[in-house]
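*Asks:* Sequence first, predicted model second:
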Amino acid sequence: MKLILRPTAISSSCSTATATAALLSRSRPLHFQRSYATQNNPGSTSKRRSVTPFNDDGHVPWQDLSGAEKTARATQQTFNFGLVVVGAVLTGGVAYFLYTDVFSPDSKTAYFNRAVDRIKKDPDCLTLLGDAKKLTAHGEETYNKWRRARPIASSHTTDNQGTEHIMLHFYMEGPRNRATVNVHLTKRAGASEFEYKYFYLDIPGHQRIWLENADSKSSSTSKKYKFLGVNWN
């Protein structure tokens, strides 16, 4: 028995395999190109959120902003600048108030402290009020039981002639009595310091205690006269 081989069938199968391999070799680069193009497509990337005055953090460059977004950023920066200016003005106002009313040597608080210290050192006042260490000063009576919370009645004005006036009204309490204190200081235009016009204490049942009285000084000075270059009483 003889086996007869047919060349036609073998060549046909070989050519089919060759064609299939060629097709696969061509299709693979095409597949990779399509995949690469899909991954790098700009249209597939996520879009950034639009910039508004409420969410702008400054990370987006100015040149990348649209017209509306530039307006939003300018509005936000203008608002922030306004807040800074308002804060600076308020801070300056508070600092000015603290200096003029508390820390300045010519403030009402400074003269109040000086008046209290002077009362605590005056022998006549201590005789009627009591021990200086037990004396307390406070302002007008209120419903608040804490004496430090009672406001001191005071004023700082300037008259038509340019003279400044500081007036204080408060109370001193001691173991023996309670006194009402009145202080009036003046500073003429061009003067460097305030001068006492009067400073006195009123204690019920006792004569007024004068610590300063400009009127009595002026009256005593007017009684003096000058003769031959000498002041005579």
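*Replies:* Ah, there it is. Numbers count the residues shown, from 1 in each chain.

*Asks:* which residues of the chain score low on pLDDT?
*Replies:* Low-confidence segments of the chain (pLDDT under 70): 1-46, 97-103, 142-149, 218-233.

*Asks:* for the chain, what spans make up the strands?
*Replies:* All strands of the chain, identified by DSSP state E, fall at 136-138, 153-158, 164-173, 178-187, 195-202, 209-213, 225-227, 230-232.

*Asks:* so can I have a markdown table of these showing mean neighbour count and distance to Asp64?
*Replies:* For glycine as for every other residue, the C-beta is placed from the backbone atoms N, C-alpha and C. Putting the strands of the chain into a markdown table (neighbours: other Cβ atoms under 10 Å; distance: least, Cβ to Cβ, whole Å) gives the following:
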| stretch | mean neighbour count | distance to Asp64 |
| --- | --- | --- |
| strand 136-138 | 16 | 66 |
| strand 153-158 | 13 | 58 |
| strand 164-173 | 18 | 61 |
| strand 178-187 | 19 | 64 |
| strand 195-202 | 17 | 70 |
| strand 209-213 | 16 | 75 |
| strand 225-227 | 8 | 90 |
| strand 230-232 | 8 | 90 |
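
*Asks:* For my notes, please list those strands in a markdown table and give distance to Lys70 for each entry.
*Replies:* Supplementary listing: the strands of the chain in a markdown table, determined by distance: least, Cβ to Cβ, whole Å:
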| stretch | distance to Lys70 |
| --- | --- |
| strand 136-138 | 61 |
| strand 153-158 | 51 |
| strand 164-173 | 54 |
| strand 178-187 | 57 |
| strand 195-202 | 64 |
| strand 209-213 | 68 |
| strand 225-227 | 84 |
| strand 230-232 | 83 |
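
*Asks:* for those strands, which one sits closest to Gln63?
*Replies:* Ranking those by distance to Gln63, with Cβ to Cβ as the measure, places strand 153-158 first at 57.5 Å.

*Asks:* what's the angle between the closest one and strand 164-173?
*Replies:* Computed with axes from the mean of the first three to the mean of the last three Cα atoms, to 10 degrees, the direction of strand 153-158 lies at 170 degrees from that of strand 164-173.

*Asks:* Now Tyr200: closest residue in space, sequence neighbours ignored.
*Replies:* In space, not counting the residues next to it along the chain, Tyr200 is nearest to Trp210; the distance is 4.9 Å by Cβ to Cβ, 6 or more residues apart in numbering.

*Asks:* Contact partners for the one you found?
*Replies:* Under the criterion of Cβ atoms under 8 Å, 6 or more residues apart in numbering, the neighbours of Trp210 are Tyr198, Phe199, Tyr200, Ser216.

*Asks:* To Leu83, which of the strands of the chain lies closest?
*Replies:* Taking Cβ to Cβ as the measure, these were each checked against Leu83, and strand 153-158 came out nearest at 32.7 Å.

*Asks:* May I have the strands that pair with the closest one, each with its orientation?
*Replies:* Listed by DSSP bridges, the sheet partners of strand 153-158 and their directions read strand 164-173 (antiparallel).

*Asks:* Let's see the partner strand as CSV, backbone CA atoms only.
*Replies:* C-alpha atoms of strand 164-173 as CSV (Å, rounded to 0.1, in the frame of the first residue of the first chain):
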residue,chain,number,x,y,z
GLU,A,164,-9.1,122.7,78.9
HIS,A,165,-11.2,121.6,81.9
ILE,A,166,-11.0,118.3,83.7
MET,A,167,-13.7,117.7,86.3
LEU,A,168,-13.9,114.7,88.6
HIS,A,169,-16.6,113.6,91.1
PHE,A,170,-16.2,110.5,93.2
TYR,A,171,-16.5,109.1,96.8
MET,A,172,-14.0,108.1,99.4
GLU,A,173,-15.1,105.7,102.1
